[in-house]
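1. Okay, predicted coordinates and the sequence, questions at the end:
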Amino acid sequence: MQNKNYISSYIAGTGKCVPEKIISNSYFESYLETSDQWITERTGIKERRWTDDNVGITELAQIASEQAIQRSNLEVSAIDGIIFGTVTPDFHLPSAACILQTKLGITRGFAFDVTAACAGFIYSLALADMYIARGVAKNVLVVGGDLVSYLANQQDRNTCVLFGDGVGAVVVRACEKDAEQAGNFKLVDLKSTPGIYASELCADGREADILKIPYGSANRLTPELVAAGGHFVQMDGKAVFKFAVKALVEVTQTICAQVGLKISEIDHFVSHQANQRILQLVGEQLGLDKSKIPMNIEKYGNTSAGTVPVLLDEELEAGRIKRGDLVLFSAIGSGMVWGAVLVRI
């Protein structure tokens, strides 16, 4: 099979923002029956970042977005739309994307949130590429992040130790037209051309109960529900672990088959930072070298939709991921939803 494909967009710039407040494992030792060793061995997490009370997600998103736009060599006025993957908006209404739009000084284009939990950035990135392919936009700001600390029951040692707060952002730009252009799709050599090569988005609502926050229009928030912890994250850890490994392995295989590339040709696997053992097992089943699986879960914990863009920005800043590298983004989230996007940076 020839390594040729059509692309429409590429990632032009990245940014991130995490809170300054560091919460180490010793914090939980002070009031829960747990230990630094127990947390580290089961999750790989040593510390996480938490925001102060009443700090909204858009405060962090503004900083990450301004970095991404500046690094894309664009003016803010060039942004045609904002897609924000988050389940922790500032308010139920309006969307975090609309509030972020105003904070950035953007007065045109579209702005909306994507509710795909930890897979929110993956879903949003794929949507941005589709919008550009259809000619709806040329420059799309994609943001992924959550403040999961306030959604975690601080008395539940199985979940509260997992989560942190953080936001990442990227600017997705339309590829420049050339002689081999078909509409908004550009024929390229997958061995060299920067761009978003393929995406795969999946869902299976039958597994919704293994990771949820069980209140909403079908289960209204009452004093009784609050007393029972129904407004906090509830998770069947073993079921999520098993589902995550299977889903991440299969979506990686699927997306590589789509474009006719071998898994061994991918330089980096930037996956959702939910649990170190999940990532290690996925790597083993795919036959990956550990050096190809970057992790920062030990510093930030699980920031939901923020894990992938924060890790990408960090790896680029450190020079561990370089322009021209082939990177596979992947994540799973409540729903259950999962997906992957293959990109040459």
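-> In hand now; what should we look at? What you are looking at is a predicted structure, and each value in this text was computed from that prediction instead of being measured. Numbering: from 1, shown residues only.

2. since we're on the residue nearest to A117 when sequence neighbours are not counted, how many residues are nearby?
-> Distances taken as C-beta to C-beta, 6 or more residues apart in numbering place G333 nearest to A117, at 3.2 Å, with adjacent residues excluded. No exception for glycine: its C-beta is placed from N, CA and C like everyone else's. Residues near G333, counting by other C-beta atoms under 10 Å, number 27.

3. Kindly report the same for G237.
-> Other residues within reach of G237, judged by other C-beta under 10 Å, total 15.

4. Need the pLDDT of it.
-> You'll see G237 listed with a pLDDT of 93.

5. try Q181
-> Looking at Q181, its pLDDT reads 59.

6. And for V143?
-> What the model reports as pLDDT for V143 is 99.

7. picking that back up, okay, and the beta partners of the residue nearest to A117?
-> Beta-bridge partners recorded for G333 (DSSP bridges): V337.

8. ok, now how distant is it from G229?
-> Using C-beta to C-beta, to the nearest Å, G333 is found at 21 Å from G229.

9. And Q273, by the same measure?
-> Distance, Q273 to G229, by C-beta to C-beta: 25 Å.

10. Show me where the stretch 151-300 of the chain has its strands.
-> 165-174, 181-182, 185-189, 195-203, 211-212, 234-235, 268-271 (DSSP state E, counting those that start in this stretch).

11. Counting by contacts, list what the fourth one packs against.
-> Read it as strand 195-203. strand 4-7, strand 9-17, helix 120-133, helix 237-259, strand 337-344 (3 or more C-beta pairs under 8 Å, 6 or more residues apart in numbering; DSSP states H and E).

12. change it to 10 Å
-> With contacts taken as 3 or more C-beta pairs under 10 Å, 6 or more residues apart in numbering; DSSP states H and E, strand 195-203 sits against strand 4-7, strand 9-17, helix 120-133, strand 165-174, strand 185-189, helix 237-259, strand 326-333, strand 337-344.

13. Centre of the chain to stretch 79-93, how far?
-> 13 Å (C-alpha atoms, centre = their mean, to the nearest Å).

14. follow-up on the earlier one: nearest to G145, out of the helices and strands packed on strand 195-203?
-> strand 165-174 (2.9 Å; C-beta to C-beta).

15. partner strands of that closest one, parallel or antiparallel?
-> The strands that strand 165-174 pairs with in its sheet are strand 9-17 (antiparallel), strand 139-147 (antiparallel) (by DSSP bridges).

16. So which of these is nearest I213?
-> Comparing the strands paired with strand 165-174 by their distance to I213 (C-beta to C-beta), the top pick is strand 139-147, with 11.9 Å.
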